[in-house]
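Trainee: turn this into a structure:
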Amino acid sequence: MEEFNASKPIYLQLADRIKRQIVSNELKLGEKLPSVRDMGLIYSVNPNTIQRTYSELEREGILETRRGHGTFVTEKEGHLTQQRENLKNEQILTFVQVMQEMGFSSNEIISGVQDHLKNRDKGDE
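Mentor: As a prediction, the model looks like this:
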């Protein structure tokens, strides 16, 4: 299991992990998540941290809490499509900023990504 980064609150790191699991289809639309207590055990964190994570994701419309039944991934596919697009854009922004800080031009970044994908695709054949 990944360690937590000290520079970002744990509940936000957990929220990011859950978002990635949803975007990658590891968690499906309408799927029930573990209880707050069980999720706390899984990640070795206080249940209050998990509750805060679930609340944040519910506020974003990614999770839904059904009283007496638990917490579920939303079944609103359009909302999850938007989350997928948001995550993609965040990752691209971070990558481009780091590359530019290292002095790479836009053309060098694009060329490097294209080369990487070509080589990766060759490995799949």
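Trainee: hey, let's count contacts and neighbours off CA atoms from now on
Mentor: OK.
Trainee: element containing Phe72?
Mentor: strand 70-73 (DSSP states H and E).
Trainee: check what contacts that strand and list those residues.
Mentor: By Cα atoms under 8 Å, 6 or more residues apart in numbering, the surrounding residues in contact with strand 70-73 are 22, 27-35, 54, 62-66.
Trainee: tell me the pLDDT at Val23?
Mentor: Per-residue pLDDT puts Val23 at 88.
Trainee: likewise for Leu57?
Mentor: Residue-level pLDDT assigned to Leu57 equals 96.
Trainee: render the CA-only coordinates of the helix or strand where it lies in CSV, please.
Mentor: In this assignment (DSSP H and E), Leu57 forms part of helix 47-59. Taking C-alpha atoms only, helix 47-59 is exported to CSV below (Å, rounded to 0.1, in the frame of the first residue of the first chain):
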residue,chain,number,x,y,z
PRO,A,47,-12.5,6.4,10.9
ASN,A,48,-13.0,10.2,11.3
THR,A,49,-10.6,10.6,8.4
ILE,A,50,-12.5,8.2,6.2
GLN,A,51,-15.8,10.0,7.1
ARG,A,52,-14.2,13.2,6.0
THR,A,53,-13.1,11.6,2.8
TYR,A,54,-16.5,10.2,2.1
SER,A,55,-18.1,13.6,2.9
GLU,A,56,-15.8,15.4,0.5
LEU,A,57,-16.6,12.9,-2.3
GLU,A,58,-20.3,13.2,-1.6
ARG,A,59,-20.0,16.9,-1.7
